Each structure stands twice: as C-alpha cells, then as structure tokens.
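[1] Here is the input, now give the coordinates:
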Amino acid sequence: MYHGYDPGISLLTGISLLIFLVALVGSLAVLVVRALAAWRAFRSFSRAATTALEDVARAGAATEARVAAMTDRTERLAQAVEQLQHSLERLAILRAATNGFRRGFSGVRGAVPRK
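    Numbers count the residues shown, from 1 in each chain. This next block holds a predicted model:
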C-alpha cells in the first residue's frame, strides 16, 4: 500500500484552486466596478434631486410672494367695491330726487299756458 500523494491529484487540486482564485478575483473586480457605478449614479441622482428641490423651494417662495401681493390687491379691491356701493347708493338717492323734481317741474310746466 502506498500512502503518499498522487501527483496527478495534486496538479488537479492546484489547477482547481487557481481557477477558483481567478474567478474570485474576477468577481471582486466586477463587484468593485458595479459598486463604483452605483455610487456615481447615486451621487448624480442626489445632485439632480437637490437641484429639483431647490427649484421647488424657489417656486414656493415666488408663489408666497405673489399670494401676499394678491392679498394686498384683494383688500384694495374690497375697499374699492365698498366705495362703489356707497357711490351707487348716493346715485340712487340723487336720481330719485331728480325724478321727483322733474315730475313736479313737468306738472308746473303743464299748468302754465303756452303761446
């Protein structure tokens, strides 16, 4: 009986180990390349999202300013409408007085004889 190592099996084991190491290093290289690509994509997305959020914040501030200006204009419009209502009430009173005067004047004119 022979208890030594068989050189054929030792060679096959060495080749298998070498193939395993090459596959492991290749897999790690692919993993590193993919991880770097994912990190770059994440940073790019982060920059784009930050820019978009800044744009939204600017638009919100502009909208807030427009709403404040609109509120001021709405208050001025309400005052103008109130003044208009007051003026229309005065106009109605003046028209009623003028119509009463015209009716009275027409009655007097009708009583005066004409040539």
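[2] For the rest of this, base every contact and every neighbour count on C-alpha atoms.
    Fine.
[3] which intervals of this structure have sub-threshold pLDDT?
    Confidence mapping of the chain against pLDDT under 70 gives the ranges 1-8, 107-115.
[4] What ranges does it have for its helices?
    Ranges of helices within the chain are 7-111, based on DSSP state H.
[5] residue closest to the middle of it?
    In the chain, the residue lying closest to the centroid (CA atoms, centre = their mean) is residue 56, at 5.0 Å.
[6] Dump stretch 41-56 to PDB, keeping only the CA atoms.
    Extracted C-alpha coordinates of stretch 41-56, given in PDB (Å, rounded to 0.1, in the frame of the first residue of the first chain):
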ATOM      1  CA  ALA A  41     -25.400  57.000 -10.200                       C
ATOM      2  CA  PHE A  42     -26.400  57.700  -6.600                       C
ATOM      3  CA  ARG A  43     -24.300  60.900  -6.400                       C
ATOM      4  CA  SER A  44     -25.700  62.100  -9.800                       C
ATOM      5  CA  PHE A  45     -29.300  61.400  -8.600                       C
ATOM      6  CA  SER A  46     -28.600  63.200  -5.300                       C
ATOM      7  CA  ARG A  47     -27.300  66.200  -7.200                       C
ATOM      8  CA  ALA A  48     -30.300  66.200  -9.500                       C
ATOM      9  CA  ALA A  49     -32.800  65.700  -6.600                       C
ATOM     10  CA  THR A  50     -31.100  68.600  -4.700                       C
ATOM     11  CA  THR A  51     -31.400  70.900  -7.700                       C
ATOM     12  CA  ALA A  52     -35.000  69.900  -8.200                       C
ATOM     13  CA  LEU A  53     -35.800  70.500  -4.500                       C
ATOM     14  CA  GLU A  54     -34.100  73.900  -4.700                       C
ATOM     15  CA  ASP A  55     -36.200  74.800  -7.700                       C
ATOM     16  CA  VAL A  56     -39.300  73.800  -5.900                       C
END
